[in-house]
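Student: Sequence first, then the predicted structure:
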Amino acid sequence: MFEIGRSKRAQQAFAFDDIAIVPSRRTRGEEQVNLTWRIDAFTFDFPLIAAPMDSVMSPATAIEMGRLGGLGVLNLEGLWTRYENPEPLLEEIAAIEDPGAATRRMQEIYAEPIKEELIGQRVAEVRSAGVPAAGALSPQNTQAYAGAVVASGVDFFVIRGTTVSAEHVAGKAEPLNLKQFIYALDVPVIVGGCATYQAALHLMRTGAAGVLVGFGGGAAHTTRDVLGVAVPMASAVSDVAAARRDYLDESGGRYVHVIADGSVGRSGDIAKAIACGADAVMVGSPLAKASEAPGRGYHWGPEAWHARLPRGERVAFDVVGTLEQILRGPSAVPDGTMNLVGALRKAMATTGYTEVKEFQRVEVIVG
């Protein structure tokens, strides 16, 4: 603990940039590494989830993500559930050069009400391709649109916010009690973000299948600047992994998946997240660099178009390749932005691990 003046104490925390993975005495051949991730009744080829951001996920890219072996999550409060054809609006957002003008225009565009019929239509489009369908709502809108989401036939219901508690209380609406809400559903729920042991334990007790670890701290977020809220991800993932272990004992064997969600910009961050205890990683900005990405070279999250207090920004990225190249390679650059799956496989082989669960035990050091 550190003393901050005479009245405040704080513990030290570490980001992914602060740590490194330590090689062991043994190495493995890459062909021996198994990246399979199993959650609920579903099995994926690798433990990566595409973030529910309009600049990353459309029905088409969610289908492609599923075809490649991962899970794509649609933002069910985004343009695809507000407009029948959002493509011209995505073109317009990408064409605005001034950042301030882009924020103002996005606030206007996202003021269009969400249409329940479009929720069902978009999910059906993904399901018809034969891949798992997942959709995300914020805690504020979960009760209003949960019926439409469940009726749409989603395979995973994601409740995602900058920070999510087991009970969301709003002044003009009934509080969202996640424990009651999740237990009433037949659909597996992934919920977050959270960044502390105690908050994670509360979310695990709601019956969630997975917990997102994060605080709105990715490339497109300015949460730390606007709200002063941030937790370095290496420490956050490690704390939540400890909560998973203790909840496993408390519940008599119920395993809740820990999913890192934030500050993951390159393949090395994915390996570090799993090394700190994550079962899977939700990625946004790496996939925004794909040629198929709806953002057309820009990346933004729901915080960027908040009507009263934007705490995110539209970030410009260079397009580096197709979604398949970014996920599975081959890579044409040496900076960790392509072949994310291959890099994780190589990291595990280099340190002597063949299973993701085993890799969570790898030694790390503080740089």
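Tutor: That came through fine.

Student: Which positions in stretch 74-87 come out as buried?
Tutor: Buried residues in stretch 74-87, counted by 16 or more other CB atoms under 10 Å: 74-83, 86. Glycine gets a C-beta too; all of them are placed from N, C-alpha and C.

Student: Local confidence estimate at residue 121?
Tutor: With respect to pLDDT, residue 121 scores 97.

Student: How about residues contacting the helix or strand where it lies?
Tutor: Assessed by DSSP states H and E, residue 121 sits inside helix 116-127. Helix 116-127 is contacted from outside by 59, 62-63, 66, 72, 74, 76, 80-84, 133, 135, 145, 148-149, 151-155, using CB atoms under 8 Å, 6 or more residues apart in numbering.

Student: ok, residues contacting whatever helix or strand comes next after that helix?
Tutor: Once the chain leaves helix 116-127, the next helix or strand it forms, by DSSP H and E, is strand 134-137. Strand 134-137 is touched from outside by 49, 52, 62, 71-77, 119, 122-123, 145-146, 149, 152, 154-160, 190, with contacts defined as CB under 8 Å, 6+ apart.

Student: One more pass at 6 Å, please.
Tutor: 52, 71, 73-76, 123, 145, 149, 154, 156, 158, 160 (CB atoms under 6 Å, 6 or more residues apart in numbering).

Student: Next, format these as CSV and append secondary structure.
Tutor: Output for those, formatted as CSV (DSSP: H, G, I helix; E, B strand; the rest coil):
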residue, secondary structure
52, coil
71, strand
73, strand
74, strand
75, strand
76, coil
123, helix
145, helix
149, helix
154, coil
156, strand
158, strand
160, strand
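
Student: Out of those residues, name the two that are farthest from one another.
Tutor: Longest distance between any two of the contacts of strand 134-137 is 20.4 Å, between 71 and 145; criterion CB to CB.

Student: what about those two, which has more around it?
Tutor: Set side by side, residue 71 and residue 145 show more neighbours around residue 71, with 26 against 19, by other CB atoms under 10 Å.

Student: what about the closest residue to that one other than its chain neighbours, which SS state?
Tutor: Residue nearest to residue 71 in three dimensions, not counting chain neighbours: residue 49, with 4.7 Å by CB to CB, 6 or more residues apart in numbering. Judged by three-state DSSP, the three-state class of residue 49 is strand.

Student: Equivalent analysis for residue 182, please.
Tutor: helix.

Student: about what we covered before: is the residue nearest to residue 71 bridged to anything, and to what?
Tutor: The partner list for residue 49 in beta bridges (DSSP bridges) reads residue 71, residue 282.

Student: Next one: it from residue 151, what distance?
Tutor: Going from residue 49 to residue 151 by CB to CB, to the nearest Å gives 23 Å.

Student: do the same with residue 24
Tutor: Here residue 24 is placed at a distance of 49 Å from residue 151 (CB to CB).

Student: With residue 23 instead?
Tutor: Distance of residue 23 to residue 151, computed by CB to CB: 50 Å.

Student: Around residue 297, count how many other residues there are.
Tutor: Residues lying near residue 297 (other CB under 10 Å) number 15.

Student: burial count for residue 320?
Tutor: Neighbours of residue 320 using other CB under 10 Å come to 17.

Student: How about residue 192?
Tutor: Neighbours of residue 192 (other CB under 10 Å): 29.

Student: Not counting its neighbours along the chain, what's nearest it?
Tutor: The shortest distance from residue 192 to any non-neighbouring residue, by CB to CB, 6+ apart, is to residue 212 (2.5 Å).

Student: Tell me if the one you found really is in a helix.
Tutor: No. Under three-state DSSP, residue 212 falls outside any helix and is assigned strand.

Student: May I have stretch 21-34 as PDB, with CA atoms only?
Tutor: Output of stretch 21-34 as PDB, limited to C-alpha atoms (Å, rounded to 0.1, in the frame of the first residue of the first chain):
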ATOM      1  CA  ILE A  21       5.700 -13.500 -19.700                       C
ATOM      2  CA  VAL A  22       8.600 -15.700 -18.500                       C
ATOM      3  CA  PRO A  23       9.700 -18.700 -20.600                       C
ATOM      4  CA  SER A  24       9.800 -22.000 -18.700                       C
ATOM      5  CA  ARG A  25      12.400 -24.800 -18.900                       C
ATOM      6  CA  ARG A  26      10.300 -26.500 -21.600                       C
ATOM      7  CA  THR A  27       9.200 -25.500 -25.100                       C
ATOM      8  CA  ARG A  28       6.500 -27.100 -27.300                       C
ATOM      9  CA  GLY A  29       5.800 -27.500 -31.000                       C
ATOM     10  CA  GLU A  30       3.100 -25.200 -32.100                       C
ATOM     11  CA  GLU A  31       1.100 -28.100 -33.500                       C
ATOM     12  CA  GLN A  32       0.700 -29.400 -29.900                       C
ATOM     13  CA  VAL A  33      -1.000 -26.300 -28.700                       C
ATOM     14  CA  ASN A  34      -4.800 -26.500 -28.300                       C
END
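
Student: name the element residue 365 belongs to?
Tutor: Assessed by DSSP H and E, residue 365 sits inside strand 364-366.

Student: now that strand: how far from the chain's centre is it?
Tutor: In terms of CA atoms, centre = their mean, to the nearest Å, the centre of strand 364-366 is found 24 Å from the chain centre.

Student: So for that strand, mean pLDDT?
Tutor: 97.

Student: Give me the residues contacting it.
Tutor: 18-22, 275.

Student: which of those sit farthest apart?
Tutor: Farthest pair in the contacts of strand 364-366, by CB to CB: 18 and 22, 14.1 Å.
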